[in-house]
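Engineer: 3D model of this:
(chains A and B)
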Amino acid sequence: EAGVAQSPRYKIIEKRQSVAFWCNPISGHATLYWYQQILGQGPKLLIQFQNNGVVDDSQLPKDRFSAERLKGVDSTLKIQPAKLEDSAVYLCASSLGSTGWSTEAFFGQGTRLTVV
Amino acid sequence: QKEVEQDPGPLSVPEGAIVSLNCTYSNSAFQYFMWYRQYSRKGPELLMYTYSSGNKEDGRFTAQVDKSSKYISLFIRDSQPSDSATYLCAMSGMDSSYKLIFGSGTRLLVRP
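Structural biologist: Residues are numbered from 1 along each chain as shown, chains lettered A, B, ... in the order given. A predicted model of the protein is given here:
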């Protein structure tokens, strides 16, 4: 079974520039998550999709971050403009559902973003 | 107060030791409890998954949940250098919109 695919693996940008990350979840997984993991911290949920719809985006800085999941499959996360504090690993995960046994989330390897 | 608290470590133990990792939480709505392992520069991978209170064993790993104390543990027996990683606890509730909340992770180093 193919895992969660993310690209790019690494990205270095200057502050105020824009950047986009791409995620392809495991086939058949209805729920897709974007997490931000700052060095030395646990993953923090940015946005959760159930199929096409947004379930939770309460911790997404909406003035600069946006995400979409077209056709309930692939997803992109965009930052515009980037700030120094956005330097982190951005993890995409997917699960069959969003509760109970189906909450088991499978993670991609992440995109390491450095803002200079 | 954070919803999930986890000692960041690092925790350094000799090979063969029994390791105990712990998390506390504040939200009584959490019903599903997970432990993830994260190697350096990799995404987290699920190790153990338990529902409500009780114990679950899988090889050298045992997960315990005490909902009355809002406390969960992961025990690793006969620890190996390959167990060196960051261990993240995670939990979620029953509601269909309930998100998966992670602890900050405990870094474990098993010395040969």
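Engineer: Please make it C-alpha for all contacts and neighbour counts, starting now.
Structural biologist: OK.
Engineer: Quick one: name the residues of chain B near chain A.
Structural biologist: If contact is defined as CA under 8 Å from any CA of the partner chain, the residues of chain B in contact with chain A are B:31-32, B:41-46, B:51, B:88, B:92-105.
Engineer: List buried residues within the residues you listed.
Structural biologist: Under a neighbour-count criterion of 16 or more other CA atoms under 10 Å in any protein chain shown, the subset of those counted as buried comprises B:31-32, B:43-46, B:51, B:88, B:92-93, B:97-105.
Engineer: Skipping its backbone neighbours, what lies nearest the closest residue to chain A within chain B in space?
Structural biologist: Going by CA to the nearest CA, chain A is nearest to B:S104 of chain B, at 3.8 Å. Spatial nearest neighbour of B:S104, chain neighbours left out: A:G42 (3.8 Å); criterion: CA to CA, 6 or more residues apart in numbering or on different chains.
Engineer: same check, this time on B:Y51
Structural biologist: B:Y32 (4.7 Å).
Engineer: how about low-confidence regions in chain A?
Structural biologist: Residues of chain A that meet the criterion pLDDT under 70 lie in A:1, A:98-103.
Engineer: do that again at 90, thanks
Structural biologist: Per-residue confidence of chain A (counting by pLDDT under 90) places the weak regions at A:1-2, A:40-41, A:50-52, A:55-56, A:70-72, A:95-105.
Engineer: wait, doesn't B:M34 sit right on B:T50?
Structural biologist: Yes. With contact defined as CA atoms under 8 Å, B:M34 counts as touching B:T50 (6.4 Å).
Engineer: higher neighbour count, those two?
Structural biologist: Counted by other CA atoms under 10 Å in any protein chain shown, B:M34 and B:T50 do not tie: B:M34 has more neighbours, with 26 against 20.
Engineer: now for the host helix or strand of that one, which elements pack on it?
Structural biologist: Assignment of secondary structure by DSSP states H and E places B:M34 within strand B:32-38. Using 3 or more CA pairs under 8 Å, 6 or more residues apart in numbering or on different chains; DSSP states H and E as the contact test, the elements touching strand B:32-38 are strand B:45-51, strand B:85-92.
Engineer: The next helix or strand after the shortest one pairs with which strands?
Structural biologist: Toward the C-terminal end, the helix or strand that comes next after strand B:45-51 (DSSP H and E) is strand B:54-58. With DSSP bridges as the criterion, the sheet partners recorded for strand B:54-58 are strand B:61-66 (antiparallel).
Engineer: got the angle between the partner strand and strand B:32-38?
Structural biologist: Regarding strand B:61-66 and strand B:32-38, their directions subtend 140 degrees when assessed with axes from the mean of the first three to the mean of the last three CA atoms, to 10 degrees.
Engineer: Backbone dihedrals for A:K15, please?
Structural biologist: With angles defined as degrees, to the nearest 10, A:K15 sits at phi -60, psi 150.
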